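Chemist: Test case, fold it:
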Amino acid sequence: MFPLSHMLRRFVRNGRMSVIDPAGQTHVFGGVAPGPELTIRLTDPALPRKLFLNPELNAGEAYMDGTMVFEEGTVEDFLKLFAANRTGLGSHPMQSALRKIWRLLRATQQYNPVGRSKEHVAHHYDLSDRLYELFLDSDRQYSCAYFANPDDDLETAQTNKRHHIAAKLDLKDGQRVLDIGCGWGGMALHLAGLKDVKVVGVTLSEEQLVVARRRADEQGLSDRVEFRLQDYREIAERFDRIVSVGMFEHVGTRYFRPFFRQVFELLTDDGVALVHSIGRMAPPGTTSPWIRKYIFPGGYAPSLSEVFAATEEEHLWVTDLEVLRLHYAETLRHWFDRFQANRAEVANLYDERFCRMWEFYLLSAEYAFRTGSQMVFQMQLARRRDAAPLIRDYMVDDERAMRGT
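Modeler: Okay, here's the model as predicted:
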């Protein structure tokens, strides 16, 4: 228990955590400043050593496996305490060294060539169709919503998001639109419902493709919206508009330049693209080892410095940039509440361990946006500096018209 105790004394400064070790002895850490208070019991004799060596991976696994038990407090209290003390953990010599190693291995961790990307997508997005129905909105928008008002419900906020993005695309009748990473088809179908446009949506998820095509049929839009099981790198057409929502996080740093090179090649000369992605307001880093292993293999939320470097090299104009700060934290809270309300059904679909994994994922992601360095950016891109209107009032005017305000 000694190495773990030494690390926790440096880590827990805000709040208090009592740890009952596998031998039954209680150790108390923190209390220097106000914060969450909880008591955890470690039941696996190997767990103290594992938590010292790699707490970000092994704490999540221990909760999933039931070897880290909350005697007082909840997993949310635990993650709140981690969020309140995250800088203390990173400054510990062991954790500092571990992060340097992770940085050296980034290229391997984010290896996403054609083919491998499909495997990574299937890991998360080819889960039970019913699972996503239980916590997403009715349009299945699995990305950051846009809360125009603090009291917006999830359905309203996700509709706001679709309007917000559509306004930035400045759609015109007769245009061809590409949706890279189209998910269950919500954005593509929304755009086709706004203007007389032809939309091609590409995904690597077979489960999402089935749902997207079914929805196009149900809405009578199959003649205007085509969904394909295709990697964006294999497309050889040109489009007036390109939209990509929640996909760039799965590209990986070594593929940033190829991604933007493909955007450049696919756009018409006066075309406009809109990339909506999770990012970070901190210098380049790495993905949490637990998230990388269990939730998004190959994923990485980039710093803007990394993204701008790639767009500059590929000769794209960044014609507009917006940073959404707390919108995703609020989105994740809605998802978590919906998941908890349907937890029993999820347990029937999978099992208790899966439920614990999903709880840990949704809560840890929420606090990464609420108190950490995570944010969302929307980047408008073009080949020509004057492809989009030079004054951005058009975005506000179009969005308000769509929302009827």
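
Chemist: pLDDT averaged over the host helix or strand of A401 - what is it?
Modeler: Using DSSP states H and E, A401 sits in helix 393-403. The average pLDDT for helix 393-403 rounds to 91.

Chemist: same deal with stretch 351-369?
Modeler: 97.

Chemist: mind exporting the helix holding A401 as PDB, just the C-alpha atoms?
Modeler: Output in PDB follows, covering the C-alpha atoms of helix 393-403 (Å, rounded to 0.1, in the frame of the first residue of the first chain):
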ATOM      1  CA  ASP A 393     -24.300  37.800 -39.900                       C
ATOM      2  CA  TYR A 394     -25.700  35.200 -42.400                       C
ATOM      3  CA  MET A 395     -25.100  32.400 -39.900                       C
ATOM      4  CA  VAL A 396     -27.200  34.100 -37.200                       C
ATOM      5  CA  ASP A 397     -30.000  35.200 -39.600                       C
ATOM      6  CA  ASP A 398     -30.300  31.700 -41.100                       C
ATOM      7  CA  GLU A 399     -30.200  29.900 -37.700                       C
ATOM      8  CA  ARG A 400     -32.900  32.200 -36.200                       C
ATOM      9  CA  ALA A 401     -35.100  31.600 -39.200                       C
ATOM     10  CA  MET A 402     -34.700  27.800 -38.800                       C
ATOM     11  CA  ARG A 403     -35.500  28.000 -35.100                       C
END
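
Chemist: Next secondary structure after the helix or strand encompassing A347?
Modeler: Under the criterion of DSSP H and E, A347 resides in helix 343-349. Where DSSP H and E defines the elements, the next helix or strand beyond helix 343-349 is helix 352-370.

Chemist: and that next one, how far from the chain's centre?
Modeler: Computed by Cα atoms, centre = their mean, to the nearest Å, the chain-centroid distance of helix 352-370 equals 12 Å.

Chemist: Buried residues of that helix, list them for me.
Modeler: By 16 or more other Cβ atoms under 10 Å, the buried positions in helix 352-370 come out as 354-370. No exception for glycine: its C-beta is placed from N, CA and C like everyone else's.

Chemist: What is the helix holding A401 packed up against?
Modeler: Packing partners of helix 393-403 (3 or more Cβ pairs under 8 Å, 6 or more residues apart in numbering; DSSP states H and E): helix 154-169.

Chemist: Now do the helix it packs on and helix 393-403, the angle between them.
Modeler: In terms of direction (axes from the mean of the first three to the mean of the last three Cα atoms, to 10 degrees), helix 154-169 departs from helix 393-403 by 140 degrees.

Chemist: residues in contact with the next helix or strand after helix 154-169?
Modeler: Downstream of helix 154-169, the first helix or strand assigned by DSSP H and E is strand 176-180. Applying Cβ atoms under 8 Å, 6 or more residues apart in numbering, the external contacts of strand 176-180 come out as 169, 171, 187-188, 191, 197-202, 232, 235, 237-245, 247, 266.

Chemist: What does the pLDDT read for P113?
Modeler: Per-residue pLDDT puts P113 at 68.

Chemist: Number the chain from 182, please
Modeler: Shifting the count to begin at 182 puts that one at P294.

Chemist: who touches the most centrally placed residue in the chain in this structure?
Modeler: Centroid check for the chain by Cα atoms, centre = their mean gives I459 as the closest residue, at 5.6 Å. Residues near I459 by Cβ under 8 Å, 6+ apart: C325, G427, E430, A482, Y509, Q555, M556, V557.

Chemist: So in this protein, where's the weakest helix or strand by average pLDDT?
Modeler: Every helix and strand in the chain was compared by mean pLDDT, DSSP states H and E; the lowest is helix 297-306, with a mean of 60.

Chemist: right, and the helix or strand after it?
Modeler: Immediately after helix 297-306, counting by DSSP H and E, sits helix 310-316.

Chemist: mean confidence score for that next one?
Modeler: The model assigns helix 310-316 a mean pLDDT of 94.

Chemist: what comes into contact with that helix?
Modeler: Contacts of helix 310-316 with the rest of the structure, by Cβ under 8 Å, 6+ apart, involve 321, 323, 365, 388, 392, 516-517, 519-520, 523, 526-527, 530-531.

Chemist: can we see that at 6 Å?
Modeler: With Cβ atoms under 6 Å, 6 or more residues apart in numbering as the contact definition, helix 310-316 has outside contacts at R321, W516, R519, F520, N523.

Chemist: tell me which residues in the helix or strand harbouring the fourth one are buried?
Modeler: Read that as F520. Using DSSP H and E, F520 falls within helix 508-522. Residues of helix 508-522 classed as buried under the neighbour-count rule (16+ other Cβ under 10 Å) are H508, Y509, A510, E511, T512, L513, R514, H515, W516, F517, R519, F520.

Chemist: and if you look at stretch 572-586?
Modeler: If you call a residue buried by 16+ other Cβ under 10 Å, then stretch 572-586 has these buried ones: M576, D579, E580, M583.

Chemist: and the residues you listed, which two are the farthest apart?
Modeler: The largest distance within those, taken as Cβ to Cβ, falls between M576 and M583 and amounts to 10.9 Å.

Chemist: I'd like the contacts of helix 310-316 as JSON lines, with distance to V504 and pLDDT appended.
Modeler: What follows is the contacts of helix 310-316, written out as JSON lines (distance: Cβ to Cβ, whole Å; pLDDT from 0 to 100):
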{"residue": "R321", "distance to V504": "25", "pLDDT": "95"}
{"residue": "W516", "distance to V504": "21", "pLDDT": "98"}
{"residue": "R519", "distance to V504": "26", "pLDDT": "98"}
{"residue": "F520", "distance to V504": "27", "pLDDT": "98"}
{"residue": "N523", "distance to V504": "32", "pLDDT": "98"}
